[in-house]
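>>> the amino acid sequence is not available; the structure is as follows:
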């Protein structure tokens with residue numbers, strides 16, 4: 001069973017930065033995809049960024065040029081560097097894992113508990 005634990009959320013003013021981390025354990029597949037999703041109150045969960053085992057990445061248009069997804073395979077950790085944050089980035093952020101490359105689709109089988117990001121204007 002795959003376990004995912006997010007950290008790094010918090011409150012920041014617009015224009016600031018945060019780095020989210022997701023510690024992964026339990027998976028054995030050499031082929032996988034991991035993603036960051038977010039969900040604001042009253043809104044659907046949306047894909048923010050994703051990366052596969054080959055290092056290919058995908059980003060939502062709303063975060064391109066501001067967010068960077070990366071992974072440390074030695075530490076089994078996924079990161080999301082978020083710069084130039086905007087109030088509309090406020091949401092609960094989740095990481096997800098699957099051996100299928102779902103990219104930004106919310107079809108992953110394994111999800112973390114989430115970490116809150118709040119951006120004030």
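Happy to help now that I have it. Nothing here was measured: the structure is a model prediction, and the numbers come from that model. Residues are numbered from 1 along each chain as shown.
>>> and the residue nearest the centre of this structure?
The C-alpha lying nearest the average C-alpha coordinate of the chain belongs to residue 36 (CA atoms, centre = their mean; 2.1 Å).
>>> ok, and what's touching stretch 98-109?
For stretch 98-109, contacts defined as CB atoms under 8 Å, 6 or more residues apart in numbering pick out 2, 27, 29, 31-33, 35, 37, 45-50, 52, 58, 60, 96-97, 110. Every residue, glycine included, has its C-beta placed from N, CA and C.
>>> hmm, try it at 7 Å
29, 31-33, 35, 37, 45, 47, 50, 52, 58, 60, 96-97, 110 (CB atoms under 7 Å, 6 or more residues apart in numbering).
>>> also stretch 30-46?
By CB under 7 Å, 6+ apart, stretch 30-46 touches 20, 47-53, 60, 69, 71, 78, 80, 90-104, 106, 108.
>>> now the strands for this protein?
3-7, 10-13, 18-25, 33-39, 46-52, 57-59, 67-72, 77-82, 91-98, 110-111, 115-120 (DSSP state E).
>>> and the ones you listed as JSON lines, adding mean pLDDT?
Shown next, in JSON lines, are the strands of the chain (pLDDT from 0 to 100):
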{"stretch": "strand 3-7", "mean pLDDT": "97"}
{"stretch": "strand 10-13", "mean pLDDT": "98"}
{"stretch": "strand 18-25", "mean pLDDT": "96"}
{"stretch": "strand 33-39", "mean pLDDT": "98"}
{"stretch": "strand 46-52", "mean pLDDT": "98"}
{"stretch": "strand 57-59", "mean pLDDT": "98"}
{"stretch": "strand 67-72", "mean pLDDT": "97"}
{"stretch": "strand 77-82", "mean pLDDT": "97"}
{"stretch": "strand 91-98", "mean pLDDT": "98"}
{"stretch": "strand 110-111", "mean pLDDT": "97"}
{"stretch": "strand 115-120", "mean pLDDT": "98"}
